[in-house]
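# After the sequence you'll find the predicted model.
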There are 2 protein chains.
Amino acid sequence: MVPRGEIRVIPVPLAGEIRPGDDLVEKLTAALRHQRLKLRTGDILVVKHKIVSKAEGQVKPLGSVKPSLGARSWSRRSGIDARVIELALSVSKRIVRKKKGVLITETRHGFTCANSGVDVSNVDGGESAVLLPKNPDRSAANLRTRLKRRFRCDIAVIISDSFGRPWREGLTEVAIGIAGMKPLADYRGQRDPHGYALHASYEAVADEVACAAGLVCGKLNRTPVCIVRGFAIQSGRGSARELIRPAKNDLFR
Amino acid sequence: MVPRGEIRVIPVPLAGEIRPGDDLVEKLTAALRHQRLKLRTGDILVVKHKIVSKAEGQVKPLGSVKPSLGARSWSRRSGIDARVIELALSVSKRIVRKKKGVLITETRHGFTCANSGVDVSNVDGGESAVLLPKNPDRSAANLRTRLKRRFRCDIAVIISDSFGRPWREGLTEVAIGIAGMKPLADYRGQRDPHGYALHASYEAVADEVACAAGLVCGKLNRTPVCIVRGFAIQSGRGSARELIRPAKNDLFR
C-alpha cells in the first residue's frame, strides 16, 4: 500500500456564466490559464454538475412547464414549485418517498435524491431549472479526453452534485459522473497493520474526493470547478454507476 | 461570502500503536514535531475515532464477551462474529435494520451505522473489538483544549468514523465528534449570484472535512490523523449531534 501524501484542493473560479452551447473545455482552459494553473498527470478535476448541465442545454424555462394535477397538489402540500415537481417526475424512474414536504426519487440514471436533482438555484434567478446531465459518465469522459489532449497529461474527471442522505443532516457532494479513475477502493482481503484481514471494506473514494471539492466549491462563490491534487487514484475506466447500490442489496428503498 | 481558497490535507502518521491509557496529546505532539509540523489557527485536526477509543480504553477483548442466543443465531445467518453482534447490541438504542447479513443500529449517541460502530480491524489482529468513544464531542473538546494551549493557536477538532449509507456503495467518513466549529453551513435565505434565495440548503461541512481527511487517512497506512488547512471554519461550539437528523424528520428509519 502506497502511503498517502498531502492532498491539495485548488479552486478554479470561472469568469462569467456558462450558457447552453458554451464550450466548457475552452472556458476551463481560460480559467486555468488565468490562474496560471496547469493540469498535471494524476490530477482529478472536479466539476459541479450544474455548469455541465448548462453547457449541454439541460436548462428548462419554468414558464414552458405545464404541471399535472398531481404535481400541483403536491406543490400545495410541500411548498415546492409545481413546475419543478413536474420536471422532477418527468426525469424519474420511481418515487422513493413523498412525505413531509420532501420528494425523493430515483432518477433515470439510478441516483436517489430530492426532486431528481432538478434545481433552480444558480441558474437565472428563478426563471429556469437545471436538470442533471443526461449521461454524466459520458460528460466526464468527454471533458477528460479533450483536457488530456490539451494539457498533455493523464487526469481523472468527476462531475458532482450535492445530495441529501437519510439519518444525517446537511447535503454532501457525491460523484454522479466519473472518468479515468475507480470510484471505490476495495480493501477486501487486504490485511491491516495487525494482520487482520479486512471484510466488507469498500471506500467510496470518488464521493470523498467530491466532498473535498465541496469545501472549495461553495454555492455562492462562482467556483464550480477545482483540482484535487496528490490523491493516488486507481486508474481505470470507472463509472459513477458503481456507486449506486443495486436494489437487491439496498435495505432502504 | 468569503471566497474559499486552496485547502491542504496534510497527513500526520503516528509511530507505533495507541494503547489504553496513552496520552493522545503527547503522541500527536510527537508526531507533529517529527514531521516539523505546527498547528496553526484555523486548522482542523481530524482524528480517526479508533485511536481515541483505544486511548480511552474503549477496547473489549472478544474472549470476555458472552454472546446471547439471539446474537449467536444472527451470527450464523450473517457471518458476523457473535461477540461483535453482542457488543453492538449492548451499545445500541435500537435496531434499524437486520437483514441480508447486515445489522444496522442506532447507537446510544444517536448515530445510525453498521454494528453500532463496533470494529475488529486495526486493533490487535482479531482478538479485541473497539467501540466508539463514549462521548465523542467531549473527546474532541478535550483534545482541542490541550492542543490549543500547547500550540498557542485556535484550532477545531473532528473525530471521524467510516459509515455506510443507503442507496450508495462504499463507506465514507463522517464526523462523530466535533469541537471548535459549526458542522453545518447554513445557506438558507442567502442569495446566489443571480439573486435567487436559497432554500433548504445546509451543507454538512464537517462530514465533507472528514471525507477529505479520509483521502489521506487510509485503513492500511498508519495515518489516523491529518490536518485540514485553509478551510474557513465557522467557529462556535458545534456538536456532532447537529448532524443527526431528528427522528421526526427522517423518512428512512
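Right, received. Where do you want to start? Only a predicted model underlies this, so the values are computations on that prediction, with no experimental measurement involved.

# Mean pLDDT per helix and strand in chain A: which one sits at the bottom?
One helix or strand of chain A scores below all others by mean pLDDT, DSSP states H and E: strand A:185-186, with a mean of 90.

# what's the next secondary structure element after that strand?
Toward the C-terminus, strand A:185-186 is succeeded by strand A:202-203 as the next helix or strand (DSSP states H and E).

# picking up where we left off before, could you check how far the least confident helix or strand of chain A is from the centre of its chain?
Offset of strand A:185-186 from its chain centre (C-alpha atoms, centre = their mean, to the nearest Å): 20 Å.

# which residues touch it?
Where contact means C-beta atoms under 8 Å, 6 or more residues apart in numbering or on different chains, the residues beyond strand A:185-186 that reach it are A:201, A:202, A:203, A:205, A:234, B:170, B:218. (Each C-beta comes from the backbone N, C-alpha and C, glycine too.)

# what about 7 Å?
For strand A:185-186, contacts defined as C-beta atoms under 7 Å, 6 or more residues apart in numbering or on different chains pick out A:202, A:203, A:205, A:234.

# now that we have the residues you listed, which one has the most neighbours?
Highest neighbour count within those, by other C-beta atoms under 10 Å in any protein chain shown: residue A:205, with 26 neighbours.

# Report the separation between the nearest residue to that one once chain neighbours are set aside and residue A:203.
Nearest non-adjacent residue to residue A:205, counting by C-beta to C-beta, 6 or more residues apart in numbering or on different chains: residue A:185, 5.0 Å away. To residue A:203, residue A:185 is 4 Å away according to C-beta to C-beta, to the nearest Å.

# One more: residue A:209?
Per C-beta to C-beta, residue A:209 is found 11 Å from residue A:203.

# Now for residue A:212: which residues touch it?
Listed by C-beta under 7 Å, 6+ apart, the contact partners of residue A:212 are A:9, A:228, B:211, B:212, B:215.

# let's go with 6 Å and repeat that
Contacts for residue A:212 (C-beta atoms under 6 Å, 6 or more residues apart in numbering or on different chains) come out as A:9, A:228, B:212.

# Specify the beta-bridge partners of the second one.
When bridges are called by DSSP bridges, residue A:228 pairs up with residue A:9, residue A:44.

# My read is that it contacts residue A:44, right?
Yes: with contacts defined as C-beta atoms under 6 Å, residue A:228 counts as touching residue A:44 at a distance of 4.3 Å.

# Next, show the common contact partners of those two.
In contact with both residue A:228 and residue A:44: residue A:209, using C-beta under 6 Å, 6+ apart.

# Ramachandran coordinates for the spatially most central residue of chain A?
Residue closest to the mean C-alpha point of chain A, counted by C-alpha atoms, centre = their mean, is residue A:160 at 1.8 Å. Main-chain dihedrals, residue A:160, degrees, to the nearest 10: phi -120, psi 160.

# Could you name the specific helix or strand carrying residue A:148?
helix A:136-151.

# and if you look at residue A:113?
If you go by DSSP H and E, residue A:113 is part of strand A:112-114.

# how near is residue A:47 to residue A:12?
In terms of C-beta to C-beta, residue A:47 sits 9 Å off from residue A:12.

# With residue A:134 instead?
With C-beta to C-beta as the criterion, residue A:134 and residue A:12 are 24 Å apart.

# Residue A:101 now?
For residue A:101 relative to residue A:12 (C-beta to C-beta), the value is 36 Å.

# Neighbour count for those two, which is higher?
Applying other C-beta under 10 Å to residue A:101 and residue A:12 shows that residue A:12 carries more neighbours, namely 20 against 12.

# my read: that one touches residue A:30, true?
No: look at residue A:12 against residue A:30 with C-beta under 6 Å: they stay out of range, at 10.4 Å.

# picking up where we left off before, what's the overlap in contacts for residue A:47 and residue A:12?
Listed as contacting both residue A:47 and residue A:12 by C-beta under 6 Å, 6+ apart are residue A:225.

# now the stretch 151-253 of chain A, which segments are flagged as low pLDDT?
When residues are selected by pLDDT under 70, those of the stretch 151-253 of chain A lie in A:199-200.

# the strands in it, which residues?
Secondary structure of the stretch 151-253 of chain A (DSSP state E, counting those that start in this stretch): strands at A:156-163, A:172-179, A:185-186, A:202-203, A:225-229.
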